[in-house]
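S.K.: I'd like to go over a predicted model; first the sequence, then the structure.
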Amino acid sequence: MIRPGLVRLGLTGSIGMGKSTIADMFEAESVPVWDADEAVHRLYAQSEPLKVALTQAFGDVLSDNVVDRVKLSAALHGRFDQLNALVHPATVADRKDFLQRHAAAPLVVADIPLLYETGAEATLDKVLVVSAPAEIQADRVLKRPGMTAEKFAAILARQMPDAEKRRRADFVIDTSQTLDLCREEVRKIIADLTRDS
């Protein structure tokens, strides 16, 4: 339900679908964007309680008093649920702080890669899914440094299928089209969601 005033738009999509590009387009239109991945990086560096909890759960995962993602990844041994149980509450609190700081804005975007998987859609007013054909997605992802077909398959296995995300979304942007067309769709969504503010 769209509330008068602040509209909270969730932005999500599977790996390699173009979330960052679309988030940048919202920011270029002066829409505040909260980035879950950036928040986790910041919390890994700054949140002492989170660093303690991760060290207790997974052992020596710090380098220079910052959570070392390589060490953490090596220590996980598939315990993603345990990791998410520790990290998720901290990111939820960070997102709430962001929303309070931007309460006067007509629209904010929460860029959350695992939006549906974590149930975050319940805290948002609308959801935008970015999508692209599977072959374009694979091409984008496999060009990333250190990415392999096996890593890509493992990531996809932890994410809701793209078709299901699109089915549940309020808005979908196909990022295989030109950047100009994507930008036009972003502007239409902004206009639609801020029409009454």
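M.R.: Cool, got the structure. Note that the structure is a prediction, hence the values are computed from the model and not measured. Numbering: from 1, shown residues only.

S.K.: May I see the buried residues of the longest helix anywhere in the chain?
M.R.: Taking DSSP state H as the criterion, the chain has its longest helix at helix 80-101. Judged by neighbour count using 16 or more other C-beta atoms under 10 Å, the buried positions of helix 80-101 are 83, 87, 88, 90, 91, 94, 95, 98, 99. (Glycine included, C-beta is placed from N, CA and C.)

S.K.: Repeat that for stretch 119-132.
M.R.: For stretch 119-132, the neighbour count (16+ other C-beta under 10 Å) marks 120, 121, 123, 124, 125, 126, 127, 128, 129, 130, 131, 132 as buried.

S.K.: Give me the subset of the residues you listed that lies in helices.
M.R.: Among these, no member lies in helices (by DSSP H).

S.K.: what about the residue nearest the centre of the chain, distance to residue 146?
M.R.: Centrality entry for the chain: nearest residue to the mean C-alpha point is residue 112, 2.2 Å, by C-alpha atoms, centre = their mean. Distance of residue 112 to residue 146, computed by C-beta to C-beta, to the nearest Å: 23 Å.

S.K.: For the longest helix of the chain, what is the distance to the chain centroid?
M.R.: 12 Å (C-alpha atoms, centre = their mean, to the nearest Å).

S.K.: name the helices or strands packed onto that helix?
M.R.: Contact partners of helix 80-101 among helices and strands, from 3 or more C-beta pairs under 8 Å, 6 or more residues apart in numbering; DSSP states H and E: strand 33-35, helix 36-46, helix 48-58, strand 107-111.

S.K.: could you give the angle of the last one to helix 36-46?
M.R.: Meaning strand 107-111. Compare the direction of strand 107-111 with that of helix 36-46 by axes from the mean of the first three to the mean of the last three C-alpha atoms, to 10 degrees and you get 70 degrees.

S.K.: Show me the strands paired with strand 107-111, marking each as parallel or antiparallel.
M.R.: strand 7-12 (parallel), strand 33-35 (parallel) (DSSP bridges).

S.K.: Many thanks, have a good one.
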